[in-house]
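1. coords please:
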Amino acid sequence: MLHTLPTFLIHWGLTSLSLWIASFVFWGIRFSDTSSLVVAALMLGFVNAIVRPILIILTLPLTMLTLGLFLLVINALMLLLVSRLIRGFTVSGFWTAFFASIFIAVLSFFLGVVLFGGGGSWDAPMPVHPQSQWL
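-> Next up, the predicted model:
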């Protein structure tokens, strides 16, 4: 459990930084103080880990019908949910949350790649079985 703590703290910090930058880019996102920013980032991570997968499963037919574009709506709803739960964090409306959630996701990804060399690997090794036989 403790070996994942640094990774958790890095993700929390990147989310906090992305939310802070988004509050300057989008006029509809406001934080009353630093503690509301940090708690909102923590809550956003929690909501994305717990509530978002449940919503994705429940809306799977709609997501498939829209070729995955409904996931952007789910991301916006997660940001709006966090703004309702955290005092001191406000999002003015759905469209602000929609575009801000895209901005936050892209910015968090790029910050992770630039600052920590993270990101996904495109060349994953194929599993090799020593005695595999083709039928």
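2. hang on, isn't residue 25 packed against residue 103?
-> Yes - between residue 25 and residue 103 there is a contact at 6.3 Å, judged by C-beta atoms under 8 Å. Backbone N, C-alpha and C define where each C-beta goes, glycine included.
3. Those two: which is more packed in?
-> Neighbours were counted for residue 25 and for residue 103 using other C-beta atoms under 10 Å; residue 103 has more, 17 against 12.
4. what does the model give the more buried one for pLDDT?
-> We have a pLDDT of 95 for residue 103.
5. do you know how far it is from residue 26?
-> For residue 103, the distance to residue 26 (C-beta to C-beta, to the nearest Å) stands at 7 Å.
6. go on, residue 79?
-> To residue 26, residue 79 is 11 Å away according to C-beta to C-beta.
7. is it fair to say residue 90 lies in a helix?
-> No - under DSSP: H, G, I helix; E, B strand; the rest coil, residue 90 sits outside any helix and is assigned strand.
8. For it, list each beta-bridge partner.
-> residue 30 (DSSP bridges).
9. any idea which helix or strand carries residue 39?
-> Following DSSP states H and E, the helix or strand that holds residue 39 is helix 34-58.
10. Which strands and helices lie in contact with that helix?
-> Counting contacts by 3 or more C-beta pairs under 8 Å, 6 or more residues apart in numbering; DSSP states H and E, helix 34-58 packs against helix 5-25, helix 70-85, strand 89-91.
11. what does the last one rub up against?
-> Yep, that's strand 89-91 we're talking about. Outside strand 89-91, the residues within contact range by C-beta atoms under 8 Å, 6 or more residues apart in numbering are 28-32, 36-37, 39-40, 79-80, 82-83, 97, 100.
12. Ignoring the adjacent residues along the chain, who's closest to residue 74?
-> Leaving aside its sequence neighbours, residue 74 sits nearest to residue 55 (C-beta to C-beta, 6 or more residues apart in numbering; 5.3 Å).
13. Isn't that neighbour up against residue 77?
-> Yes - applying C-beta under 8 Å, one finds residue 55 in contact with residue 77, separated by 7.3 Å.
14. list the contacts for the residue nearest the centre of the chain?
-> Among the residues of the chain, residue 105 comes closest to the average C-alpha position under C-alpha atoms, centre = their mean, at 5.4 Å. By C-beta under 8 Å, 6+ apart, the residues touching residue 105 are residue 75.
15. All set now, cheers.
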